[in-house]
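In: I would like the atomic coordinates for the input below:
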Amino acid sequence: GLLAWVISNKYLNHLPLYRLEQIAAREQVTLSRSTLAEWVGRTGVALQPLADQLKWHLLQGNTLHADESPVAQLEPGNGKTRKAYLWAYRSNDLDPGPRIVVFDYQTSRSGRHAQDFLQNWQGHLLVDDYAGYKALFFREQSPCIELACWAHARRKFFDLHQANGSPMAFEALQRIGELYAIETEGKQLTIEARQQLRKQKSLPTLDALHDWLMQTRMQTANGGASAKALDYTLKRWPSLVRYAHTGHLPIDNNPVENVIRPIAVGKKNWLFVGSERAGQRAAAIQTLLGTAQLNGIDPAAWLKDTLTKLPTWPNSRIDELLPLAPKFIEALKL
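Out: Numbers count the residues shown, from 1 in each chain. Coordinates of the predicted model:
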């Protein structure tokens with residue numbers, strides 16, 4: 001219970017260890033920072049096999065979201081920090097499989113980290129326009145299929161409208177809003193029924209939007225913010241419309257951005273990661289706690305139960321400890 005309290009507060013509430021030390025002291029409990037750090041390290045090592053198992057299950061899916069967020073990492077010896085990255089990979093909610101998010105801590109934003117993580121995985125990968133992912137779509141063996149994010153395309157027009165009240169941007173927002181209204185309508189449908197809905201409504205809406213974008217671009221001068229917003233969408237058009245030909249591909253990358261956002265907010269509390277090893281340990285723990293939240297499981301309660309069972313649990317039944325919804329656990333047993 002004490003270990004679960006420490007881990008939950010550090011990685012869910014984003015409280016640095018010195019704050020936990022102060023909280024314990026107010027309750028007349030002496031917990032030194034060095035002891036807390038040792039507990040966190042040992043707990044992270046114990047939980048690593050579960051995080052590795054979640055990664056294996058994640059890569060069994062055929063559609064993934066991916067994104068990355070900068071993290072400050074302390075440089076030993078000089079008291080300065082360097083920029084590292086927390087990469088996130090998330091399962092697709094429109095697929096029938098388990099809900100999983102896996103975090104991967106790396107010391108740079110190089111695209112090779114995504115290649116190393118995915119290895120020979122082949123499927124639909126939904127990403128933003130960051131160039132680091134491009135090699136995955138053009139490699140000779142096992143190329144991934146690119147899905148583009150409508151939320152990113154929409155953001156270009158939103159920022160433009162916020163900046164100067166552009167009527168063109170407002171028109172684009174209205175048209176993109178129609179696509180999202182169709183997605184809301186089909187949210188509870190089966191994959192087959194959603195595909196039919198998209199065929200009837202999304203594809204004609206997309207065709208009309210593309211015609212409007214092309215005509216508007218021809219009337220827009222090069223180099224300005226309007227041209228850049230239009231070009232972003234037109235350049236990525238094949239990847240943006242791919243979802244609408246199916247019933248299971250997502251329209252945007254918001255699901256993975258939503259699981260990164262709490263960590264981004266937490267950075268204001270803990271400021272930096274102490275080392276590469278600490279970052280990797282944090283990624284494994286965030287993988288487990290984040291997946292628990294996706295599956296409607298209380299992360300702290302799951303963690304306490306799992307830490308109790310883990311020392312004597314057989315490796316052959318490791319799937320039963322994963323923070324997945326019961327229906328997925330049962331399916332994994334089959």
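
In: residues making contact with the helix or strand where residue 116 lies?
Out: Here residue 116 sits within helix 112-118, counting by DSSP states H and E. Here helix 112-118 makes contact (CB atoms under 8 Å, 6 or more residues apart in numbering) with 59, 64, 66, 85, 87, 89, 104, 106, 125, 132-133, 135-136, 139, 144. The way it works is simple: take the backbone N, C-alpha and C, and place the C-beta from them, glycine included.

In: let me see the domain layout of the chain.
Out: For the chain, the TED database gives the domain ranges 1-148+252-333, 150-244.

In: would TSV of these with mean neighbour count and mean pLDDT be doable?
Out: Shown next, in TSV, are the domains of the chain (neighbours: other CB atoms under 10 Å; pLDDT from 0 to 100):
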stretch	mean neighbour count	mean pLDDT
domain 1-148+252-333	17	91
domain 150-244	16	95
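
In: which residues in this structure form strands?
Out: With strands called from DSSP state E, the chain shows them at 63-74, 81-91, 101-106, 124-126, 145-147.

In: output those strands as TSV; include the columns distance to residue 239.
Out: Shown next, in TSV, are the strands of the chain (distance: least, CB to CB, whole Å):
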stretch	distance to residue 239
strand 63-74	13
strand 81-91	18
strand 101-106	22
strand 124-126	9
strand 145-147	5
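
In: and residue 208, which of those strands is closest to it?
Out: strand 145-147 (21.2 Å; CB to CB).

In: which other helices and strands contact the closest one?
Out: Using 3 or more CB pairs under 8 Å, 6 or more residues apart in numbering; DSSP states H and E, the elements in contact with strand 145-147 are strand 124-126.

In: how close does residue 170 sit to residue 161?
Out: 5 Å (CB to CB, to the nearest Å).

In: repeat for residue 255
Out: 25 Å.

In: then residue 177?
Out: Counting by CB to CB, the gap from residue 177 to residue 161 is 12 Å.

In: contact partners for the residue nearest in space to the middle of the chain?
Out: Centroid-nearest residue in the chain: residue 256, 2.6 Å away (criterion: CA atoms, centre = their mean). Residues in contact with residue 256, defined by CB under 8 Å, 6+ apart, are 65-67, 88-90, 101, 126.

In: among those residues, which one lies nearest to residue 13?
Out: If you rank the contacts of residue 256 by distance to residue 13 using CB to CB, residue 101 comes first, at 18.2 Å.

In: who's that closest one bridged to?
Out: As for beta bridges, residue 101 partners with residue 90 under DSSP bridges.

In: shouldn't it be in contact with residue 90?
Out: Yes - if you go by CB atoms under 8 Å, residue 101 and residue 90 touch, sitting 4.6 Å apart.

In: shared neighbours of these two, anything?
Out: 256, 259.
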